[in-house]
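Colleague: what's the 3D shape of this:
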Amino acid sequence: MQLLQFLALATAVSPLVSAHPGHHEEDASPELKSYKSHVRRSAESCSFHWEQSGQKARAIARRQATIDMHRRRLSKKDTSKVLNTSHYESNIDLNSPFEEIWSADSIPLNPEGESGPYWVVGERLRSNILESQPGVPVIIEEQYIDIETCEPITDMFAEIWGCNATGVYSGLVADGNGNTADTANHDTTFLRGIQRTDEDGVVTFLTLFPGHYDGRTTHHHVVAHLNTTLLPNNTLAGGYTPHIGQFFYDQDLIEKVESTYPYNTNKIPQTHNSVDRVFSQETEDSTSDPVLHYAYLGDKIEDGIFAWVQVAINTTAQHYPYYTNVLTDDGGKNVTGTDCGDYTVIDGGLCDTGSSSK
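Modeller: Just a heads-up that it's a prediction; the model follows:
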C-alpha cells in the first residue's frame with residue numbers, strides 16, 4: 001500500500017537568476033562567499049548549544065514519532081522488519097545503530113541558493129501539497145535555526161515547491177516546462193505550499209519526490225518569509241525573505257526512484273548532482289550539506305520516504321527571489337515585464353496579487 005493511500009492525517013545569494021533552460025546563470029558573488037565564511041563560524045558554535053539545550057533530543061524523538069505514526073498506517077505485520085529498514089544517511093554506515101542515525105545531525109549553514117524562474121507568488125498555507133500527483137510520496141520535515149542565536153525560528157513562514165514526476169512545475173506555462181500548449185497549467189497548484197514554523201522551528205510537508213528536467217538535478221526549492229502577514233485566504237503579504245535555497249537527494253536514491261513509474265517515462269537525460277551547478281554552488285567553500293537525510297517508510301520505495309533537514313539562516317538578511325507568475329483568486333497570471341515580476345523593485349516582500357482583500 002502506498003503512503004498516499006493511508007495518509008488520512010498529513011502532519012500538519014544574492015539577487016537570483018534562473019536555474020532553468022533559457023535563463024542566464026551567475027557564479028556566487030564575493031558577498032555570498034563572505035556571508036558563508038561568517039555563518040560557518042556561527043554554525044560551529046550552534047552545534048554545541050543545540051545539544052546542551054535539549055533541542056537535539058526533542059528533534060530525535062519527534063522524528064521517531066513521525067516515522068512510527070506513518071509506518072503504523074502501512075499494512076505490514078512485521079514491525080521489526082520495518083523498524084530495521086536501512087536508512088541512507090550521508091555520513092552513516094547502513095549497519096549503524098538506529099540511535100546513531102537519528103543523532104547524526106549538525107547545524108550546517110544552508111547557503112543562499114537560487115529561486116529559479118518558477119516560483120509562483122500567492123500560494124496557500126497548507127501542509128499536504130501532493131494533490132493527485134503520481135510517484136513516490138515524501139514527508140519533509142524542515143527545522144529552521146537562527147545562525148546568530150542558535151535558537152529555533154518560530155512563526156516564520158516556509159514555502160516549498162518542486163516539479164512533478166515527469167519534470168513539470170504547476171502554476172505556469174513556459175518553454176522547458178512540459179507542454180506549452182497546456183494553458184490550463186497556469187491554474188494548477190500541485191507540489192506548492194506554505195507552512196508556519198512551530199515552537200521548535202519546524203514545518204512538515206507531504207509532497208512528491210521530484211522528477212527531473214533538462215539541465216538540473218533532482219531538487220526542491222524553498223523560500224523563507226519573516227514579518228509577513230497571513231491573509232484571510234491563507235496567502236501571505238509583505239515582510240521580507242531572509243533565505244532562499246534548494247534541497248537535494250543522494251544520487252543513489254535518485255536512481256532508485258527514477259527506475260519506477262512514472263519517473264521512468266521521462267526521456268529527458270538526467271543531470272547528476274556531481275555536475276549540477278546549483279548543487280556545487282550550495283556546497284562549495286561551506287560546511288553546508290543541502291542533501292536531505294531520509295528513511296524509507298515501508299519495504300519498497302513506492303511506500304514513501306521520510307526526509308528531514310535543519311536549515312541555519314541569518315534572519316537579518318534580505319533577499320529578493322525572482323518570479324514571473326502569481327496565483328490570484330482568479331487563477332494564475334504571468335507578470336513578466338511588470339514591476340511585480342522584477343525582484344529589484346520589491347522591497348523585500350510580496351507584491352499585490354489582487355487577492356489580499358478576499
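Colleague: where are the low-confidence patches of the stretch 151-300 of the chain?
Modeller: Scanning the stretch 151-300 of the chain with the threshold set as pLDDT under 70 gives 285-287.
Colleague: show me where it has strands.
Modeller: Along the stretch 151-300 of the chain, the segments classed as strands by DSSP state E, counting those that start in this stretch run 157-161, 192-196, 202-208, 219-226, 229-230, 236-237, 240-248, 293-296.
Colleague: now those strands as CSV including mean neighbour count and distance to Arg126?
Modeller: (Each C-beta comes from the backbone N, C-alpha and C, glycine too.) Shown next, in CSV, are those (neighbours: other CB atoms under 10 Å; distance: least, CB to CB, whole Å):
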stretch, mean neighbour count, distance to Arg126
strand 157-161, 23, 11
strand 192-196, 22, 5
strand 202-208, 24, 9
strand 219-226, 24, 15
strand 229-230, 14, 12
strand 236-237, 20, 12
strand 240-248, 24, 19
strand 293-296, 22, 22
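Colleague: can you tell which of those strands is closest to Thr283?
Modeller: When those are ranked by distance to Thr283, counting by CB to CB, first place goes to strand 240-248 at 9.0 Å.
Colleague: dump that closest one to PDB, keeping only the CA atoms.
Modeller: The C-alpha trace of strand 240-248 is given here as PDB (Å, rounded to 0.1, in the frame of the first residue of the first chain):
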ATOM      1  CA  TYR A 240      10.900  40.000   3.700                       C
ATOM      2  CA  THR A 241      12.900  37.000   2.600                       C
ATOM      3  CA  PRO A 242      15.900  36.000   4.700                       C
ATOM      4  CA  HIS A 243      16.600  32.700   2.900                       C
ATOM      5  CA  ILE A 244      16.300  31.200  -0.500                       C
ATOM      6  CA  GLY A 245      17.700  27.700  -1.200                       C
ATOM      7  CA  GLN A 246      17.300  24.300  -2.600                       C
ATOM      8  CA  PHE A 247      17.200  20.800  -1.100                       C
ATOM      9  CA  PHE A 248      18.800  17.700  -2.900                       C
END
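Colleague: for that strand, packing partners?
Modeller: Of the remaining helices and strands, those touching strand 240-248 by 3 or more CB pairs under 8 Å, 6 or more residues apart in numbering; DSSP states H and E are strand 219-226, helix 277-283, strand 305-313.
Colleague: if we can go back for a sec, out of the strands of the stretch 151-300 of the chain, which is closest to Val136?
Modeller: Of all these, it is strand 202-208 that lies closest to Val136, at 6.9 Å by CB to CB.
Colleague: for the closest one, packing partners?
Modeller: Strand 202-208 packs on strand 137-146, strand 157-161, strand 192-196, going by 3+ CB pairs under 8 Å, 6+ apart.
Colleague: so for Thr324, which of these sits nearest?
Modeller: strand 157-161 (13.8 Å).
Colleague: parallel or antiparallel, which strands does the closest one pair with?
Modeller: For strand 157-161, sheet partners with direction are given as strand 192-196 (antiparallel), strand 219-226 (antiparallel), following DSSP bridges.
Colleague: quick one, the shortest one and strand 137-146 angle?
Modeller: Per axes from the mean of the first three to the mean of the last three CA atoms, to 10 degrees, the angle that strand 192-196 makes with strand 137-146 is 40 degrees.
Colleague: which residues touch strand 192-196?
Modeller: 12, 120, 123-129, 155-161, 170-171, 203-205, 207, 225, 230, 236 (CB atoms under 8 Å, 6 or more residues apart in numbering).
Colleague: between strand 202-208 and it, find me the angle.
Modeller: Comparing the axes of strand 192-196 and strand 202-208 via the same axes, to 10 degrees yields an angle of 160 degrees.
Colleague: repeat that for the last one.
Modeller: Inter-element angle recorded for strand 219-226 and strand 202-208: 150 degrees (by the same axes, to 10 degrees).
Colleague: list of residues touching strand 219-226?
Modeller: Identification of contacts with strand 219-226 by CB under 8 Å, 6+ apart yields 115-116, 118-119, 140, 142, 144, 153, 156-162, 194, 207, 210, 236, 239-249, 276, 278-279, 311, 313, 315, 321, 350.
Colleague: let's see that with 7 Å instead.
Modeller: Applying CB atoms under 7 Å, 6 or more residues apart in numbering, the set of residues contacting strand 219-226 from outside is 115-116, 119, 144, 156-162, 210, 236, 239-248, 313, 315, 321.
Colleague: can you pull the buried residues of stretch 262-275?
Modeller: For stretch 262-275, burial by neighbour count (16 or more other CB atoms under 10 Å) applies to 263, 266, 270-271, 273.
Colleague: what about the helices in the protein?
Modeller: 3-6, 30-52, 55-72, 79-83, 98-102, 251-258, 277-283 (DSSP state H).
Colleague: now Asn270, nearest residue through space, not along the chain?
Modeller: Actually, residue 270 is Gln rather than Asn. With CB to CB, 6 or more residues apart in numbering as the criterion, Gln270 has its nearest non-adjacent residue at 5.3 Å, and that residue is His212.
Colleague: doesn't Gln251 make contact with that neighbour?
Modeller: No: using CB atoms under 7 Å, His212 is not in contact with Gln251, being 11.7 Å away.
Colleague: so for the two, which residue has more residues nearby?
Modeller: More crowded of His212 and Gln251, by other CB atoms under 10 Å: His212, with 23 against 16.
Colleague: no further questions, thank you.
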